[in-house]
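>>> Got a sequence here, can you model it:
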Amino acid sequence: MIADATKLASKQTGKRIGMLLVPDTGLDDEIWEWCPQNVTPLITRLQLPEAGSENNLSIDGIIGSDKVVQSATRSFISRTMLPGTDPDIVVLNCTSGSFANGLEGERAIRHSIVSAGAPRALTTSGAVVGALTALQAKRVAVGAPYAAEINQKLREFLTEAGFEVGPIATTAVEDLDSASDDQIHAIAAAAYDKRATAMFISCAALRTRHLLPELTERYGMPVITSLQATMWAALAQVGERVVAPDHILHSLPWPETVSLRTV
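From the prediction side, this is the model:
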């Protein structure tokens, strides 16, 4: 009876996207705004250990670790004793936590998610690579609120993925979840590179959806952000599109040259 009810509920709610968020990200409402009515985002927070308990791993290393990612993924998955919500895809919605160890590290996170029972997996950094590839970007202007050493890891990740990226300026934002429009504009202004063919504003905790058309017009190039790319990619993987016909990624398919299946 329980199994039948679960199947019926799944049909009624349509597609499901499992979203793994870090505790300082509060953009649940914006995640919902990207989704069409027949798609339900299932949102949970990663449970991070106390500082000092993970053998000197950086916070980004902890976020992408097997222990943390698999525990959160299993919260979605049906077990013998109790059915779960069983999303069609599970997403690690953190940019720095998924680029910190390069392309191999990003693949390892997806492997970890699938190993925990998810039918398919995505990370924010993988989504960004897919989005920039879909836009046929070559040189990318990149803005971020990270410290200099994290910016360098981001630059190395994107370069490894095949994009040309200049030095990334640090634009400090003390409280990411409460970043103002002016702070987002400051990140974009610091990132601007007249030789670039696209701009990427990194960090999935920044609220940017309402600013994207304005930024794209101001800088004369496609401007994408972490959460925008993540929701576009997650929805594309389940055969859906973001609710944003005025945004640059809306009608673009996931590029066949970027595989999410090689885990």
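>>> So, low pLDDT: which residues of this structure?
By pLDDT under 70, the low-scoring segments of the chain are 1-13, 51-57, 260-263.
>>> can you give me the helices in it?
2-13, 28-34, 59-63, 66-74, 96-99, 102-115, 124-134, 148-160, 181-191, 212-219, 226-237 (DSSP state H).
>>> Would you tell me which one of those helices is buried the most?
helix 96-99 (a mean of 29; mean count of other C-beta atoms under 10 Å). The C-beta positions use only the backbone N, C-alpha and C, and glycine is treated the same way.
>>> Show me what that one is in contact with.
22, 59-60, 63-64, 92, 105-106, 109, 123-126, 146, 150, 153-154, 157-158, 202-203 (C-beta atoms under 8 Å, 6 or more residues apart in numbering).
>>> so how far is that helix from its chain's centroid?
For helix 96-99, the distance from its own C-alpha centre to the chain's C-alpha centre is 9 Å (C-alpha atoms, centre = their mean, to the nearest Å).
>>> Can you show me the CA trace of it as PDB?
Output of helix 96-99 as PDB, limited to C-alpha atoms (Å, rounded to 0.1, in the frame of the first residue of the first chain):
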ATOM      1  CA  SER A  96      33.600  26.100  -4.600                       C
ATOM      2  CA  GLY A  97      32.900  22.800  -3.000                       C
ATOM      3  CA  SER A  98      32.700  21.100  -6.400                       C
ATOM      4  CA  PHE A  99      35.700  22.800  -8.200                       C
END
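>>> List the contacts of T123.
Shown in contact with T123 (C-beta under 8 Å, 6+ apart): 91-92, 94, 98, 106, 109-110.
>>> count of residues packed around S75?
16 (other C-beta atoms under 10 Å).
>>> which residues does the nearest residue to it once chain neighbours are set aside contact?
Counting by C-beta to C-beta, 6 or more residues apart in numbering, T44 is the residue found nearest to S75 once chain neighbours are left out, at 5.6 Å. With contact taken as C-beta under 8 Å, 6+ apart, T44 is in contact with 18-21, 72, 75-76.
>>> Repeat that for T170.
144-148, 151 are the contacts of T170 under C-beta under 8 Å, 6+ apart.
>>> Can you pick out the most distant pair from those?
Taking C-beta to C-beta as the measure, these span a maximum distance of 11.7 Å, between P145 and A148.
>>> rewinding a little: could the contacts of T170 go into a markdown table alongside distance to I31?
Shown next, in a markdown table, are the contacts of T170 (distance: C-beta to C-beta, whole Å):
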| residue | distance to I31 |
| --- | --- |
| A144 | 20 |
| P145 | 19 |
| Y146 | 22 |
| A147 | 26 |
| A148 | 29 |
| N151 | 25 |
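>>> Which of those residues sits closest to D175?
Closest approach between the contacts of T170 and D175, by C-beta to C-beta: P145, at 10.1 Å.
>>> these two touch, right, the closest one and D175?
No: with contact defined as C-beta atoms under 8 Å, P145 does not reach D175; the gap is 10.1 Å.
>>> More neighbours: those two, which one.
When neighbours are counted by other C-beta under 10 Å, P145 and D175 differ, and P145 comes out ahead with 23 against 10.
>>> distance between stretch 240-259 and the chain's centre?
Per C-alpha atoms, centre = their mean, the centroid offset for stretch 240-259 relative to its chain is 14 Å.
>>> which residues touch it?
15, 33-36, 38-39, 126, 129-131, 133-135, 209, 212-213, 216, 222-224, 228-229, 231-233, 235-237, 260.
>>> So what's the residue count around V165?
20.
>>> isn't it right next to K153, touching?
No: using C-beta under 8 Å, V165 makes no contact with K153, being 11.7 Å away.
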